[in-house]
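Colleague: below: sequence and its predicted model.
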Amino acid sequence: MKSFTTRSLNVDYPKEEPYNALQMPVYNAVAFEFDTSEDIAANFQGKLPAHAYSRTGNPTTEYLELKLKTLTNSHQAIAMASGMAAISTTIFTLCAAGDNIISGSNLFGHTYAFFNQTIKSFGIENRIANLKSASDILSKLDAKTRLIYLESVTNPQLEIPDFMMISKVARENGIILIVDSTLTPPNVFSSLDHGVDVEVMSTTKYISGGATSVGGVVIDNGTFNWNKNPNLKDYAEKFGQNAFAAKLRKNIFRNMGPCMSPQTAHYQIQGLDILELRLERCFENCLKIGDFLEANPGIKRVDYPGLKSSEYYVLAQKYFNGVPGTIMTFDLGSEEECFRFMNKLKIIRRATNLNDNKSLIIHPWSTIYCEFPDEKRQDMGIRPTMMRLSVGIESSADLIEDIRQALS
């Protein structure tokens with residue numbers, strides 16, 4: 001099989017490009033004309049595939065979706081306005097009032113808030129399980145359970161689930177397995193190969209190519225029998241294996257309006273083409289910084305699943321070819337020490353994004369998770385002494401020297 005980058009650079013356009021442009025043009029158009037009134041009627045009736053209105057589909061966005069579908073070997077890929085839009089539209093497509101979902105407690109802060117605050121008002125319950133225990137997951141399941149939700153690597157706890165164990169539980173109980181793979185992009189993680197039915201991702205991170213744009217994607221691997229979900233039965237009868245994508249596009253996505261702009265799709269197409277190159281440099285930097293931090297007596301704790309010292313190192317090798325993203329955490333003696341250290345940094349930026357070309361650092365306890373009570377933060381694996389470092393493409397020597405001077 002050709003390399004990830006070669007494949008990305010050689011995905012054909014959905015239609016012939018009249019000027020043979022080597023980059024997909026940005027179609028900054030809201031509406032698209034039809035040749036006849038019969039054609040536009042057929043399009044609205046679902047009989048003629050075509051772009052009519054950019055809130056429901058746009059040629060530039062379609063090409064990004066096609067590239068992601070090709071690179072993930074998936075059944076469908078649907079671009080969204082953000083990662084949270086990808087998560088929320090997926091949940092609302094699969095669940096109705098009275099249903100429940102299963103997740104772990106160590107989720108990204110905004111995902112946790114969405115599951116435990118927002119969807120409650122829609123009558124959907126989130127049941128928190130120990131995702132390391134098949135028996136605990138099973139104890140939370142009932143006839144109203146619609147899905148199990150995981151993160152490929154938790155943020156910022158950096159835990160890796162055993163996908164095959166959890167997918168076995170999901171399969172045997174006719175439940176959808178969903179994974180947020182934001183920290184492990186498709187060049188290092190194949191969700192299809194590890195029992196995942198639906199993948200959601202914030203394309204703002206690795207795929208945007210240096211924090212150029214906000215976006216998300218929902219990927220349907222085509223592995224679930226949608227007749228097993230009562231909220232999709234009508235769609236399954238009409239659309240078969242396309243039932244999930246049909247309900248998402250024709251109902252939730254269309255009616256809630258979380259569309260990706262064509263300019264965003266353009267940025268993310270460019271980022272996708274150089275994803276593999278950027279990730280390789282960031283990963284090399286992670287290993288060198290990790291070695292430096294582990295050897296420094298002033299550092300109380302270092303977590304990165306790519307290091308042999310990590311309890312998740314074996315799973316990182318098994319599921320991500322040893323490249324579990326490029327986020328690491330490390331601890332100092334106190335919250336005050338963390339703030340002093342961060343304020344002395346000169347190259348690493350104090351910012352909240354992940355997987356920028358620039359290295360970014362944040363103190364999760366006082367920022368992303370500040371709305372949660374102390375006990376809840378502790379339960380979620382968030383410590384006042386912990387900092388999250390998103391490692392960029394700068395020189396590893398420069399990054400290490402910046403950390404060294406900030407520790408002095």
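Modeller: Happy to help now that I have it.

Colleague: give me the pLDDT value at A246.
Modeller: A246 is assigned a pLDDT of 95 by the prediction.

Colleague: burial check on it, number of neighbours?
Modeller: 21 (other CB atoms under 10 Å). To be clear about C-beta, it is placed using only N, CA and C from the backbone, and glycine gets the same treatment.

Colleague: with T352 instead?
Modeller: 12.

Colleague: ok, the residue nearest to it when sequence neighbours are not counted to E294 distance?
Modeller: The shortest distance from T352 to any non-neighbouring residue, by CB to CB, 6 or more residues apart in numbering, is to I362 (5.4 Å). Note on I362: its distance to E294, by CB to CB, to the nearest Å, is 21 Å.

Colleague: repeat that for Q157.
Modeller: Q157 sits 18 Å away from E294 when distances are taken as CB to CB.

Colleague: and those two? Which one has more around it.
Modeller: Neighbours were counted for Q157 and for E294 using other CB under 10 Å; Q157 has more, 21 against 15.

Colleague: could I get the contacting residues of the nearest residue to that one once chain neighbours are set aside?
Modeller: Leaving aside its sequence neighbours, Q157 sits nearest to G381 (CB to CB, 6+ apart; 4.0 Å). Residues near G381 by CB atoms under 8 Å, 6 or more residues apart in numbering: N106, T154, Q157, E159.

Colleague: of all those residues, the one with the weakest confidence?
Modeller: When the contacts of G381 are compared by pLDDT, N106 scores lowest at 91.

Colleague: that one contacts M380, doesn't it?
Modeller: Yes: judged on CB atoms under 8 Å, N106 makes contact with M380 at a distance of 5.6 Å.

Colleague: which neighbours do those two have in common?
Modeller: The contact sets of N106 and M380 overlap at Q157 (CB under 8 Å, 6+ apart).

Colleague: thought N173 was touching D142?
Modeller: No: applying CB under 8 Å as the test, N173 and D142 come out as separate, 9.9 Å apart.

Colleague: the two: which is more packed in?
Modeller: Looking at N173 and D142 with other CB under 10 Å, you find the greater number of neighbours at N173, namely 14 against 9.

Colleague: name the nearest residue to that one, sequence neighbours excluded.
Modeller: Here the residue nearest N173, using CB to CB, 6+ apart, is L141, at 5.8 Å.

Colleague: what is the neighbour count of the one you found?
Modeller: L141, neighbours per other CB under 10 Å, totals 18.

Colleague: now it: how far from L345?
Modeller: Between L141 and L345 the computed distance is 46 Å (CB to CB).

Colleague: with D398 instead?
Modeller: Separation of D398 from L345 (CB to CB): 12 Å.

Colleague: which residues does N321 contact?
Modeller: V188.

Colleague: before we move on, the earlier item: correct me, but the residue nearest to T352 touches R350?
Modeller: Yes: at 6.9 Å, I362 and R350 qualify as touching, with contact defined as CB under 8 Å.

Colleague: those two: which is more packed in?
Modeller: Counting neighbours by other CB under 10 Å for I362 and for R350 shows that I362 has the greater number, 20 against 13.

Colleague: would N343 count as being in a helix?
Modeller: Yes: the assignment for N343 is a helix, going by DSSP: H, G, I helix; E, B strand; the rest coil.

Colleague: can you pull the buried residues of stretch 155-167?
Modeller: N155, P156, Q157, L158, E159, I160, P161, D162, F163, I166, S167 (16 or more other CB atoms under 10 Å).
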